[in-house]
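**Student:** only the shape, not the letters, is given here:
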């Protein structure tokens, strides 16, 4: 199992007291990725969100990732996601950004796409549309066109329902062989199967705990065997995300979690991601989840809903995800804990956890890409 970070420009309540909170959040997250690169993490995923106050101010993630391409050496940099709906980002512009980032990173870019998970965000670009299901047909119409834009000398053009383009040569072409690995941000079981049939890896942002992996893998790994890839290769990959806090002692990690504003983050998740199923006990915004106590944090750890503890405990918790079949475990760090505690988490996991689980020096997606021989 490989390891990654997931960042999204989470500002939270800091803006109420610090006029530079937004700037600090964005710059701190670049430093988390740079440290993750040094600590042996293989992937860093950056979100694309719009209009989501406090929750995510990382709207221009292509610019963010371009900076990181120069600031890092080994870690793969992924769009988690680029939204390819023509009304949000024209598909040709997305293809160009992917190929450009592939060059700037010298083959370390990962192309994650999706339809968006919240009506406040996506329907802002679709005036007159009120049904989020409408985005499915736009994405379906578009996603298979990207490999053609990258691999064909001249793209033959496209006449679809939602966007059109005459024949054009699209530049730059990707760096080296083939094209970046393609991923889809999936939520429902049918989405996992759909992604697998297209040969796409899955960004499992909606997987909450280890027991969720059963249905994820059943849907995905069964369908991937009969994949008809839209790209140059099958990216047989399931990435899942979890909050992670690691400290020198268990008590210190729990203390950090208690003071980390996790309840506010979770409240914001379901404020904006209204296509996600709302678990029992999650109130509707603006009502908030109650502050997390030591007892609640211990319960979340016991229920495998978060990774938290000393290095040995975190190692055991990560091994549970590996045993469940996750191909990649990425840690979300958009919580209100201090810069120092976050950097310490990254360093401790890099020193004590990753070397004992991920022993392959080569990225899984690099192996898939290089095997094409294109």
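**Tutor:** All right, it came through fine. Keep in mind it's a predicted model, so treat the numbers as computed, not measured. Residues are numbered from 1 along each chain as shown.
**Student:** could you pull up the residues touching residue 6?
**Tutor:** Going by CB atoms under 8 Å, 6 or more residues apart in numbering, residue 6 touches 44-47, 80, 205, 241, 330-334. Every residue, glycine included, has its C-beta placed from N, CA and C.
**Student:** which among the residues you listed end up buried?
**Tutor:** 44-47, 80, 205, 241, 330-334 (16 or more other CB atoms under 10 Å).
**Student:** closest one to residue 70 out of the residues you listed, please.
**Tutor:** Ranked by distance to residue 70 (CB to CB), the buried ones among the contacts of residue 6 are led by residue 44 at 13.7 Å.
**Student:** and the helices in the stretch 101-250 of the chain?
**Tutor:** Along the stretch 101-250 of the chain, counting by DSSP state H, counting those that start in this stretch, helices occupy 119-122, 134-142, 145-151, 189-197, 213-224, 250-258.
**Student:** need the worst-confidence member of the buried ones among the contacts of residue 6.
**Tutor:** Lowest in pLDDT among the buried ones among the contacts of residue 6 is residue 334, which has 61.
**Student:** where in this protein is pLDDT low?
**Tutor:** 334, 373-374 (pLDDT under 70).
**Student:** quick one, strands of it?
**Tutor:** Applying DSSP state E to the chain gives strands spanning 2-7, 43-46, 76-79, 109-113, 158-159, 164-165, 182-185, 201-204, 238-246, 307-309, 328-332.
**Student:** which non-adjacent residue is nearest the residue nearest the centre of the chain?
**Tutor:** The centroid of the chain falls nearest to residue 80 when counting by CA atoms, centre = their mean (3.8 Å). Residue nearest to residue 80 in three dimensions, not counting chain neighbours: residue 45, with 3.3 Å by CB to CB, 6 or more residues apart in numbering.
**Student:** against residue 55, how distant is residue 285?
**Tutor:** 11 Å (CB to CB, to the nearest Å).
**Student:** which one of the two is surrounded by more residues?
**Tutor:** residue 55 (24 against 12; other CB atoms under 10 Å).
**Student:** for burial, what's the neighbour tally of the closest residue to the more buried one other than its chain neighbours?
**Tutor:** Once flanking residues are discounted, residue 55 sits nearest to residue 268: 4.2 Å by CB to CB, 6+ apart. For residue 268, the count of nearby residues is 21 (other CB under 10 Å).
**Student:** going forward, the N-terminal residue is numbered 114.
**Tutor:** From this message on, residue numbering opens at 114, which makes the last subject residue 381.
**Student:** my guess is residue 381 contacts residue 167, does it?
**Tutor:** Yes: the pair residue 381 and residue 167 qualifies as a contact (CB atoms under 8 Å) at a distance of 6.2 Å.
**Student:** please enumerate the shared neighbours of these two.
**Tutor:** With CB under 8 Å, 6+ apart as the test, residue 381 and residue 167 both reach residue 125.
**Student:** if we can go back for a sec, got any residues that touch both of residue 398 and residue 168?
**Tutor:** By CB under 8 Å, 6+ apart, residue 398 and residue 168 have these common neighbours: 381, 384.
**Student:** could the contacts of residue 119 go into JSON lines alongside distance to residue 223?
**Tutor:** Below are the contacts of residue 119 laid out as JSON lines (distance: CB to CB, whole Å):
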{"residue": "157", "distance to residue 223": "9"}
{"residue": "158", "distance to residue 223": "8"}
{"residue": "159", "distance to residue 223": "10"}
{"residue": "160", "distance to residue 223": "13"}
{"residue": "193", "distance to residue 223": "8"}
{"residue": "318", "distance to residue 223": "14"}
{"residue": "354", "distance to residue 223": "14"}
{"residue": "443", "distance to residue 223": "11"}
{"residue": "444", "distance to residue 223": "16"}
{"residue": "445", "distance to residue 223": "17"}
{"residue": "446", "distance to residue 223": "18"}
{"residue": "447", "distance to residue 223": "19"}
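**Student:** any idea which of the residues you listed is closest to residue 184?
**Tutor:** Out of the contacts of residue 119, the member with the shortest distance to residue 184 (by CB to CB) is residue 157, at 10.8 Å.
**Student:** and the gap between residue 467 and residue 116?
**Tutor:** 5 Å.
**Student:** what do those two both touch?
**Tutor:** In contact with both residue 467 and residue 116: 153-154, using CB under 8 Å, 6+ apart.
**Student:** stretch 242-259: how far from the chain's middle?
**Tutor:** Taking CA atoms, centre = their mean, to the nearest Å, the mean C-alpha location of stretch 242-259 is offset from the chain mean by 19 Å.
**Student:** and it, what's buried?
**Tutor:** 245, 248, 251-252, 254-256, 258-259.
**Student:** stretch 143-161 now?
**Tutor:** 143, 145-150, 152-161.
**Student:** check which helices and strands the top helix by length along the chain sits against.
**Tutor:** Longest helix in the chain, counting residues (DSSP state H): helix 134-151. Counting contacts by 3 or more CB pairs under 8 Å, 6 or more residues apart in numbering; DSSP states H and E, helix 134-151 is packed against strand 115-120, strand 156-159, helix 174-184, helix 452-465.
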